[in-house]
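J.: what would the 3D arrangement of this be:
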Amino acid sequence: MLEQSSVRESAGWATDLPEGGIKTAALRRVAADCVDENPQAAAEWATTLVAGVHGACVIGEVNDEWAEVDPATAVTWLTAPPNQLARR
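T.: Predicted structure coming up:
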(Lines give C-alpha, C1' and ligand atoms only; values in the text may rest on other atoms or scores of the structure.)
Protein backbone atom coordinates (compact mmCIF):
# COMPACT_ATOMS: atom_id res chain seq x y z
CA MET A 1 0.00 0.00 0.00
CA LEU A 2 2.74 2.46 0.94
CA GLU A 3 4.52 2.00 -2.35
CA GLN A 4 1.39 2.82 -4.34
CA SER A 5 -0.34 5.45 -2.21
CA SER A 6 0.31 8.55 -0.18
CA VAL A 7 1.09 8.30 3.49
CA ARG A 8 -2.36 9.74 4.27
CA GLU A 9 -4.10 7.06 2.19
CA SER A 10 -1.91 4.38 3.73
CA ALA A 11 -2.77 5.63 7.23
CA GLY A 12 -6.48 5.33 6.47
CA TRP A 13 -6.00 1.87 5.04
CA ALA A 14 -3.96 0.68 8.03
CA THR A 15 -6.44 2.16 10.51
CA ASP A 16 -9.29 0.30 8.82
CA LEU A 17 -7.61 -3.12 8.90
CA PRO A 18 -9.11 -5.76 11.20
CA GLU A 19 -7.54 -5.98 14.65
CA GLY A 20 -4.48 -8.17 14.88
CA GLY A 21 -0.81 -8.38 14.17
CA ILE A 22 -1.08 -7.26 10.57
CA LYS A 23 -2.81 -4.05 11.62
CA THR A 24 -0.16 -3.38 14.26
CA ALA A 25 2.65 -3.92 11.76
CA ALA A 26 0.95 -1.77 9.13
CA LEU A 27 0.37 1.09 11.57
CA ARG A 28 4.01 0.99 12.66
CA ARG A 29 5.23 1.05 9.07
CA VAL A 30 2.92 3.92 8.15
CA ALA A 31 4.09 5.83 11.23
CA ALA A 32 7.74 5.41 10.26
CA ASP A 33 7.11 6.49 6.68
CA CYS A 34 4.98 9.41 7.80
CA VAL A 35 7.77 10.72 10.03
CA ASP A 36 10.15 10.56 7.08
CA GLU A 37 7.73 12.67 5.04
CA ASN A 38 6.46 15.09 7.70
CA PRO A 39 7.21 14.56 11.40
CA GLN A 40 4.63 17.08 12.60
CA ALA A 41 1.86 15.48 10.53
CA ALA A 42 2.93 12.06 11.80
CA ALA A 43 2.71 13.35 15.37
CA GLU A 44 -0.75 14.78 14.79
CA TRP A 45 -1.98 11.50 13.27
CA ALA A 46 -0.44 9.40 16.05
CA THR A 47 -2.08 11.58 18.67
CA THR A 48 -5.50 10.77 17.20
CA LEU A 49 -4.82 7.09 17.97
CA VAL A 50 -3.59 7.55 21.54
CA ALA A 51 -6.78 6.27 23.18
CA GLY A 52 -7.02 3.20 20.97
CA VAL A 53 -5.52 -0.25 21.21
CA HIS A 54 -2.62 0.71 18.93
CA GLY A 55 -2.00 4.17 20.37
CA ALA A 56 1.10 3.30 22.38
CA CYS A 57 2.61 1.39 19.48
CA VAL A 58 2.10 4.23 17.00
CA ILE A 59 3.17 6.93 19.46
CA GLY A 60 6.33 4.94 20.20
CA GLU A 61 7.13 4.41 16.55
CA VAL A 62 6.66 8.07 15.68
CA ASN A 63 8.79 9.08 18.65
CA ASP A 64 11.57 6.61 17.79
CA GLU A 65 11.73 7.75 14.18
CA TRP A 66 11.45 11.44 15.04
CA ALA A 67 14.12 11.17 17.74
CA GLU A 68 16.60 10.05 15.09
CA VAL A 69 16.33 13.42 13.32
CA ASP A 70 15.21 15.82 16.08
CA PRO A 71 15.56 14.33 19.56
CA ALA A 72 14.59 17.44 21.52
CA THR A 73 11.33 17.97 19.66
CA ALA A 74 10.50 14.26 19.85
CA VAL A 75 10.92 14.23 23.63
CA THR A 76 8.85 17.39 24.03
CA TRP A 77 6.08 15.89 21.94
CA LEU A 78 6.17 12.53 23.73
CA THR A 79 5.87 14.05 27.17
CA ALA A 80 2.96 16.31 26.25
CA PRO A 81 -0.66 15.29 26.87
CA PRO A 82 -2.27 13.14 25.52
CA ASN A 83 0.82 11.23 24.35
CA GLN A 84 1.97 10.65 27.90
CA LEU A 85 -1.08 8.41 28.31
CA ALA A 86 0.24 6.04 25.67
CA ARG A 87 3.38 5.36 27.68
CA ARG A 88 1.48 3.64 30.50
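J.: do a quick rundown of the helices in this structure.
T.: 7-16, 21-37, 39-48, 55-69, 71-78, 83-86 (DSSP state H).
J.: the third one to helix 55-69, inter-axis angle?
T.: Following axes from the mean of the first three to the mean of the last three C-alpha atoms, to 10 degrees, one obtains 160 degrees for the angle between helix 39-48 and helix 55-69.
J.: ok, now the fifth one?
T.: With the same axes, to 10 degrees as the basis, helix 71-78 and helix 55-69 are set at 160 degrees to each other.
J.: helices or strands next to helix 71-78 in the packing?
T.: helix 55-69 (3 or more C-beta pairs under 8 Å, 6 or more residues apart in numbering; DSSP states H and E). The C-beta positions use only the backbone N, C-alpha and C, and glycine is treated the same way.
J.: distance from the helix it packs on to the middle of the chain?
T.: Centroid displacement of helix 55-69 relative to its chain, using C-alpha atoms, centre = their mean, to the nearest Å, is 6 Å.
J.: what distance do you get for residue 22 to residue 36?
T.: 21 Å (C-beta to C-beta, to the nearest Å).
J.: who has more neighbours, the two?
T.: residue 36 (14 against 11; other C-beta atoms under 10 Å).
J.: for the residue nearest to the more buried one when sequence neighbours are not counted, what are its contacts?
T.: Nearest residue to residue 36 in three dimensions, chain neighbours excluded: residue 65, at 7.1 Å (C-beta to C-beta, 6 or more residues apart in numbering). Taking C-beta atoms under 8 Å, 6 or more residues apart in numbering, we find residue 65 in contact with 31, 32, 35, 36, 39, 42.
J.: quick one, what contacts the first one?
T.: Going back to what we said before, that points to residue 31. 42, 45, 46, 58, 61, 62, 65.
J.: okay, the contacts of residue 65 in TSV with distance to residue 80 and pLDDT next?
T.: Below are the contacts of residue 65 laid out as TSV (distance: C-beta to C-beta, whole Å; pLDDT from 0 to 100):
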residue	distance to residue 80	pLDDT
31	17	94
32	21	93
35	17	93
36	22	90
39	14	92
42	15	91
